[in-house]
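1. What would the 3D arrangement of this be:
(4 chains)
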Number of protein chains: 2
Amino acid sequence: MPKKPASIRDVAERAGVSPGTVSNVLNGSRPVNAALAERVREAVEALGYQADRAAALLRTGKARIIAVLVPDLDNPFFTSLVSAIEACLRDQGYEIIVASSNGSDATEQSRLAAILAWRPAGLVVVPCSDSFAPRALIERARVPYVIADRITQDPTADTVSVDNFDAGAIGMRHLVENSHRAILIAASELRLANMRARCTGANTVLDQHGLPPAPVIEAGGDAALAATRIGGWLDAHPHPTAILALTNFTTLGALAALAERNIAIPHQISLIGFDDYAWMRARATPLTAIRQPVEEIGAKIWERLKARIEGEDSRPVHVALRCELHQRASTAPPAI
Amino acid sequence: MPKKPASIRDVAERAGVSPGTVSNVLNGSRPVNAALAERVREAVEALGYQADRAAALLRTGKARIIAVLVPDLDNPFFTSLVSAIEACLRDQGYEIIVASSNGSDATEQSRLAAILAWRPAGLVVVPCSDSFAPRALIERARVPYVIADRITQDPTADTVSVDNFDAGAIGMRHLVENSHRAILIAASELRLANMRARCTGANTVLDQHGLPPAPVIEAGGDAALAATRIGGWLDAHPHPTAILALTNFTTLGALAALAERNIAIPHQISLIGFDDYAWMRARATPLTAIRQPVEEIGAKIWERLKARIEGEDSRPVHVALRCELHQRASTAPPAI
DNA sequence: TCAACGAGATAAAACGATTTACGTAAATCG
DNA sequence: CGATTTACGTAAATCGTTTTATCTCGTTGA
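-> Coordinates of the predicted model:
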């Protein structure tokens, strides 16, 4: 039971070789005589040796770490994103550091600085605002990075997100084709470009059908707030025949508001949810939902990041993945 | 626009002092003349200097990193736990590394080894099985650690979990007091001690009322599986008047199974859910739920871990927090 | 036969922060 | 006033790995 974990020197000594040789065996950086290599591997096994990542990092300058910074670790969309990315990295010898900016620009900046001090191999950011001020910070650190989900205008880095315009459009199209004309759009915060794109997509469909744009409510960034805001709106206006939620939290808010008011789905109001979670299906009237392909998003993020880490130097790539509408029982033509 | 990030030497040069002094200013390890300190701080500011954590780690031997290993990053309970812990660490200069063992002992072992190579200051583990083989690995690395949620028998480390016996008991008590006699318990996997404790707690209440133990169904570790297993059980047996779910996934499974079969809650079957998420409340009949105090659990974990990191050497502490029953509309006395 | 060559190992020099050991000047004490 | 302590800086050693420069020794070609 050694006080200190074994070092490369211990391994070298036990195998009767120099530390350099041990390193070469373990990393395959240069050829090593097979017999020696075997002796080294035995010693490694016997001592339970694990290279100290910090020392390796210090020498090589790049940690096998991917940092992920999201606005909110309580938002299931972001955590599922983290999970999807983690699944990709797991077998590739990378670790993942997560941090939450808690929706605050200041926190985003400070967390980012702290994370960059680890000199991670790559960075995934879901910015908490469109301006994304800390970009300068990242570029000074020269870390490959991917901006996910919330893409900012004129980005200088690879971005991966869904086709937000289309996401809004497919939802609205489904409603219009079901003869809905009085539709409420429940967005989270219109300061976010992705949210505006979803709204525009939805309203473009209305326009194509010669219909006026739908009212949009800014329901806020968490479920409780969304419930009161949407509830408030419902109390103050004539009821729409359908609600198009553009966020998983606004979906929850709409559900809560409707439930509180005993408004039947879809008989009185149809509802389209955003994202697709198990709880949306585990209902008497399962929710029609606009599903973001989270695993695919995670995989694409890793694909782009990996390419950049390996030195790809092409112009920024912008990936926009398609959302899918899953039609279920929460939408139906309005009662006459 | 420097090619390399600034090092402590650059700062020292700019401030006209030695690197050692810069270190002392930044870490406060030894007193430094105020005027010099100011000059150093200016230089740090001007160069945007951030100490290379790897170098510091190599010298000091302990990273300001907390590693968290959970069985499943798609389980909202575990992600909310991560979020709660992250919230505690955020302002304390620690970073958090997350990894998922994916419910596999082998993965758990290998992820743990990889993480320990970073020599983290502390470790939080939710073991994926009760035997928790990798414990030896951790102890050899001499890293302070806390076992969370799934506590194993005779643990040699601090543990934080809920009082599982009590959690099962309060759920069952509520049902019994509402005159339910035919109750189905939906557990995830009985190989887990915490699951068995919840069952025992529930059945003890039955026993106290002179009632026979309730049937227990092993619904499995994800929502889809739980839905088919619970559905299958319902099809094969006379319906119970209530279901007590002991996991958030089995709650979802029960809801899905009941919805599919058009069984009304609570009129035909009452349901108690486990954990407490927004979606449980955003329903026409909000779910009565057994709430685990996640934030408190996270805070306690950090409290214990911090104490150990700071050298506390007392005997292992075992924290068991109380769950709370939130009574809502999904439970009612059975129809005659 | 001998210089040139290679294959493959080793010794030694980084990497950048922390920390120990030491030096120097000012302050304090007897 | 000289000796000693105090305060505070600096130089240098150190952490464990990777990598570069060297070194050794058996092989080969002329």
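2. can you give me the end-to-end distance of stretch A:26-43?
-> Start-to-end span of stretch A:26-43 (CA to CA, to the nearest Å) is 12 Å.
3. does chain B sit close to stretch A:320-336?
-> No - Stretch A:320-336 stays clear of chain B (CB under 8 Å from any CB of the partner chain), getting no nearer than 9.7 Å. Where you see a C-beta, it was placed from the backbone N, CA and C, and this is true even at glycine.
4. And the contacts of that stretch?
-> Under the criterion CB atoms under 8 Å, 6 or more residues apart in numbering or on different chains, residues A:160-164, A:166-167, A:170-171, A:174-175, A:178-180, A:182, A:241-242, A:265-268, A:270-273, A:276, A:281, A:285-293, A:296-297, A:300 lie in contact with stretch A:320-336.
5. Give me the below-cutoff pLDDT ranges for the stretch 51-200 of chain A.
-> For the stretch 51-200 of chain A, applying pLDDT under 70 flags no range at all.
6. What residues does it have near DNA strand C?
-> Within the stretch 51-200 of chain A, the positions near DNA strand C by CB under 7 Å from any atom of the strand are A:A55, A:L58, A:R59, A:G61.
7. hmm, 6 Å instead?
-> Within the stretch 51-200 of chain A, the positions near DNA strand C by CB under 6 Å from any atom of the strand are A:L58, A:R59.
8. could you pull out the strands for the stretch 51-200 of chain A?
-> Using DSSP state E, counting those that start in this stretch, the strands found in the stretch 51-200 of chain A span residues A:63-70, A:95-100, A:120-125, A:145-148, A:158-162, A:183-187.
9. Which one of these lies nearest to B:I217?
-> Of all those, it is strand A:95-100 that lies closest to B:I217, at 34.8 Å by CB to CB.
10. Can you list the buried residues in that closest one?
-> Neighbour counts over strand A:95-100 (16 or more other CB atoms under 10 Å in any protein chain shown) mark A:E95, A:I96, A:I97, A:V98, A:A99, A:S100 as buried.
11. Show me what the fifth one bridges to in the sheet.
-> Applying DSSP bridges to A:A99 yields these beta-bridge partners: A:L69.
12. Pull up the gap between it and B:A87, please.
-> 11 Å (CB to CB, to the nearest Å).
13. Work out the gap between stretch A:43-58 and the centre of the chain.
-> 33 Å (CA atoms, centre = their mean, to the nearest Å).
14. end-to-end on that stretch?
-> Using CA to CA, the end-to-end distance of stretch A:43-58 comes to 24 Å.
15. try stretch A:151-161
-> End-to-end span of stretch A:151-161 (CA to CA): 7 Å.
16. ok so, going back, where helices are concerned, which of the contacts of stretch A:320-336 count?
-> Among the contacts of stretch A:320-336, the members found in helices (DSSP state H) are A:N164, A:D166, A:A167, A:I170, A:G171, A:H174, A:L175, A:R281, A:E296, A:I297, A:K300.
17. near DNA strand D, which of these show up?
-> Filtering these for neighbours of DNA strand D using CB under 6 Å from any atom of the strand leaves an empty set.
18. List only buried entries from the residues you listed.
-> Neighbour-count burial (16+ other CB under 10 Å) is assigned, among the ones in helices among the contacts of stretch A:320-336, to A:N164, A:D166, A:A167, A:I170, A:G171, A:H174, A:L175, A:R281, A:I297, A:K300.
19. burial of the closest residue to DNA strand C within chain A, as a residue count?
-> For chain A, the residue closest to DNA strand C is A:N33, as judged by CB to the nearest atom of the strand, at 2.5 Å. For A:N33, the neighbour count with other CB atoms under 10 Å in any protein chain shown is 11.
20. And for A:I290?
-> Look at A:I290: counted by other CB under 10 Å, it has 25 neighbours.
21. beta partners for it?
-> Going by DSSP bridges, A:I290 forms beta bridges with A:F274, A:L325.
22. For it, give me its contacts.
-> Residues near A:I290 by CB under 8 Å, 6+ apart: A:A167, A:I170, A:G171, A:I272, A:G273, A:F274, A:D275, A:D276, A:C323, A:E324, A:L325, A:H326.
23. so how far is chain B from the most centrally placed residue in chain A?
-> Taking CA atoms, centre = their mean, the centroid of chain A lies closest to A:L81, which sits 3.9 Å from it. To chain B, A:L81 is 10 Å away according to CB to the nearest CB, to the nearest Å.
24. Isn't that residue up against A:V126?
-> Yes - judged on CB atoms under 8 Å, A:L81 makes contact with A:V126 at a distance of 7.5 Å.
25. Residues that sit against both of these two, list them.
-> Common neighbours of A:L81 and A:V126 (criterion: CB under 8 Å, 6+ apart): A:V70, A:A148, A:D149.
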